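> Got a predicted model here, sequence first, then my questions.
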Amino acid sequence: MTGTPRTVVVVGGGIAGLATAFALQEQTRASGLSLVCTVADADRILGGKIRTSRANDLVIEAGPDSFLSHKPWGVRVCEKLGLADQLINMNETGAKACVYSRGRLRELPEGLVVIAPGQIGSFVRSGLLSWKGLARMALDVVLPPRRAAGDESLADFFRRRFGREAFERVFEPLTAGIYAGDAEQMSVRATFPRFPELEQQYGSLIRGMLAARKTVQMGSPEPKHRRTMFVALRNGLGDLVTALSNRLQKDGVSLRVGARAVALRVRSREVGKWVYDVLFDDGTVLTADVVVLATPAYASAELVRPLSPSAAGLLERIPYASTATVSLAYDAGQSKGCAKGFGFVVPRVEGRNLIAATWTSLKWAHRAPPDTLLVRCYLGGVGREAIMQADDETIVRTACEELLAVTGLAAPPRYVEVHRWNRAMPQYTLGHLDRLKDIEMALSRFPGLFLTGAAYRGVGIPDCIKDGFTVAETAVRYLTGGESGLLV
């Protein structure tokens, strides 16, 4: 590498921040750019919401427990880090996810959106929808596509295509399980853009999904490694954070934990070029040519407020939901017959505290000994956040009461672990994509300043990794004399 080293400070050591630093090292090596990079996080532990704990031969995920394999960025980073042999598929038991509806757990048929002929029978037998609800859902194939421009809520979109019953009993709990949000407020364009695209292209979601499946079946070669829809790491996703951290340190990246950024100053070195000072709560200052804010939108808002009050105001308009995960270990003999499928989601219309639950030890290998059933419950979320005000004992009691009501599981757990995630899940509400454009415009005066993370273009691990790689590419282009390419 040649030339005067350029400096980058990444504020935030979650998966997006770590992925950005990783990609910066890759891309600067390729470009010959000399780079000094620092990742700073206010927490004492890197990884953000990715945290794995181990107790009594249990592997417990505090945050996400897996990621989508068909979004390739997560798998690719694992391969680059030498973790490919640690990737595991969901257990091949034939089990499916369930929905708690009208007093019992009902299986979700495969290809839920694609009601193909071979799956209609299982869908009908599930009892998820009444005959009237099934007939209304089938009208999707004849209803014309929406012609109005502008955004639309998830609730309005699914009710319009499939009817109220299908929305309340099937699609709402599935979307809530992903975003912990309220489908009445969430933007379909920002959360599931593929659905309105299929509607416009094929005039029907069912026809569009059938066509997409046929294309995949006819055009895709047999993959070298067959992956299930979701994959995990054998010993937990915490290994991804450890591997990333070790690689970054090996490459000379400075990792600072327990360092909270409290202010961001900007000064000019030359026309159109800025130098940034990042001030930390311990009084230290880092000066950088590029600053990447990989912090929650509300934290980034406070840092950019002196630079652009309008950008700060827009960032504050990205709301967050609070959730809790409760992991419970049971004696397998005492809980026999209670666990059905890999887990279940609970429609909001049921009026319960539980969003969803995963039978962790049935879904993933190496999570618990054979004599133990490990289950993880999800509570909180938009409209159900009152439970977050309770103490841990009350949250555990609530989770156990919910499991008893839904599954009949009455045995006392022999191990319990509670993890709270306050203001941790960003909500892509109506107008989200337009807000992103406005934020980019408001910060366009400050080339070399970038935002990344779950608040913007995807909440999943692969989405955050992809966004970090895109930011890194744009930052390197800026540092090597290209356009500023501000990316939000």
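Cool, the structure landed.

> right, and the helix or strand after the least confident helix or strand in the chain by mean pLDDT?
The weakest-scoring helix or strand in the chain, judged by mean pLDDT, DSSP states H and E, is helix 117-126 (a mean of 58). Sequence order places helix 131-138 as the next helix or strand after helix 117-126, per DSSP states H and E.

> Okay, buried residues for that next one please.
133-134, 136-137 (16 or more other CB atoms under 10 Å). Where C-beta positions appear, they are placed from N, C-alpha and C, glycine not excepted.

> Format the residues you listed as TSV; extra columns: distance to residue 282 and pLDDT.
Below are these laid out as TSV (distance: CB to CB, whole Å; pLDDT from 0 to 100):
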residue	distance to residue 282	pLDDT
133	59	91
134	61	90
136	60	92
137	58	89
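
> shaky segments in the stretch 201-350 of the chain?
215-225, 269-272 (pLDDT under 70).

> what's the neighbour count on residue 249?
Applying other CB atoms under 10 Å, we find 12 other residues in the vicinity of residue 249.

> next one: residue 297
So residue 297, with other CB under 10 Å, has 24 neighbours.

> Let me see the contact set for it.
Residues near residue 297 by CB atoms under 8 Å, 6 or more residues apart in numbering: 315-316, 318, 320, 426, 453, 455-456.

> isn't residue 68 right next to residue 460, touching?
Yes. Counting by CB atoms under 8 Å, residue 68 touches residue 460, with 6.0 Å between them.

> hey, what's in contact with both of those two?
residue 74.

> Report the contact partners of the closest residue to residue 419 other than its chain neighbours.
Leaving out its chain neighbours, the residue that sits closest to residue 419 by CB to CB, 6 or more residues apart in numbering is residue 62, at 3.9 Å. Taking CB under 8 Å, 6+ apart as the criterion, residue 62 is in contact with 49, 51-53, 325, 417, 419.

> Kindly indicate which of those residues lies nearest residue 443.
Nearest to residue 443 out of these is residue 49 (CB to CB; 25.3 Å).

> and residue 18, that's in a helix?
Yes. Residue 18 forms part of a helix when assessed by DSSP: H, G, I helix; E, B strand; the rest coil.

> Which residue, other than its chain neighbours, is closest to it?
Among residues not flanking residue 18 along the chain, residue 244 sits closest, at 4.5 Å (CB to CB, 6+ apart).

> can you list the residues that contact the host helix or strand of the one you found?
Assessed by DSSP H and E, residue 244 sits inside helix 238-250. Here helix 238-250 makes contact (CB under 8 Å, 6+ apart) with 15, 18-19, 21-22, 25, 37, 39, 46-47, 50-52, 77-78, 81-83, 86, 233, 255, 461.

> What pLDDT is listed against the residue nearest to residue 419?
What the model reports as pLDDT for residue 62 is 97.

> do the same with residue 128
85.

> and it, how many neighbours does it have?
23.

> what residues are up against it?
99, 101, 106, 108, 169-170.

> min pLDDT across the residues you listed, which one?
Within these, pLDDT reaches its minimum at residue 108, with 81.

> Which residue, other than its chain neighbours, is closest to that one?
Nearest to residue 108 is residue 97, by CB to CB, 6+ apart, at 4.9 Å.

> Let me know how buried the one you found is, in neighbour terms.
Using other CB under 10 Å, residue 97 has 20 other residues around it.

> Return the distance of it relative to residue 359.
Remark: distance between residue 97 and residue 359 (CB to CB, to the nearest Å) = 10 Å.

> any shared contact partners between the two?
In contact with both residue 97 and residue 359: 341-343, using CB under 8 Å, 6+ apart.

> which helix is the longest one in the chain?
Secondary structure of the chain per DSSP state H: the longest helix is helix 461-479.

> First-to-last residue distance for stretch 181-196?
In stretch 181-196, first residue to last residue: 20 Å (CA to CA, to the nearest Å).

> Can you pull out the residues in contact with that stretch?
Residues outside stretch 181-196 that contact it (CB under 8 Å, 6+ apart) are 146, 151-158, 167, 171-172, 175-176, 178-179, 205, 321, 348, 381-383, 425, 427-433.

> rerun that using 6 Å as the cut-off
Contact with stretch 181-196 is made by 151-155, 157, 172, 175, 382-383, 427-430, 432-433, as judged by CB atoms under 6 Å, 6 or more residues apart in numbering.

> need the strands for the stretch 251-400 of the chain, in chain order.
254-257, 261-270, 273-280, 285-288, 290-293, 320-331, 343-345, 354-358, 372-380 (DSSP state E, counting those that start in this stretch).

> and the last one, which strands flank it?
Taking DSSP bridges as the criterion, strand 372-380 pairs within the sheet with strand 320-331 (antiparallel), strand 354-358 (antiparallel).

> out of the ones you listed, nearest to residue 473?
Here strand 320-331 is closest among those (CB to CB), at 27.6 Å.

> Pass me the low-pLDDT residue ranges in the stretch 351-488 of the chain, would you?
Ranges of the stretch 351-488 of the chain meeting pLDDT under 70: 482-488.

> do that again at 90, thanks
Applying pLDDT under 90 to the stretch 351-488 of the chain flags the ranges 480-488.

> can I assume residue 295 is in contact with residue 13?
No. Between residue 295 and residue 13 there is no contact under CB atoms under 6 Å: 9.6 Å.

> what's the overlap in contacts for these two?
By CB under 6 Å, 6+ apart, no residue touches both residue 295 and residue 13.

> Might you calculate how far stretch 275-283 sits from the centre of the chain?
Stretch 275-283 has its C-alpha centroid displaced from the chain centroid by 29 Å (CA atoms, centre = their mean, to the nearest Å).

> Can you tell me what sits against the longest helix of the chain?
Counting by CB under 6 Å, 6+ apart, 6, 15-16, 19-20, 23-24, 27, 31, 67-68, 71, 73-74, 77, 290, 292, 448, 450, 452, 454, 457, 484-485, 487 sit against helix 461-479.

> So among the residues you listed, which ones count as buried?
6, 15-16, 19-20, 23-24, 27, 67-68, 71, 73-74, 77, 290, 292, 448, 450, 452, 454, 457, 484, 487.
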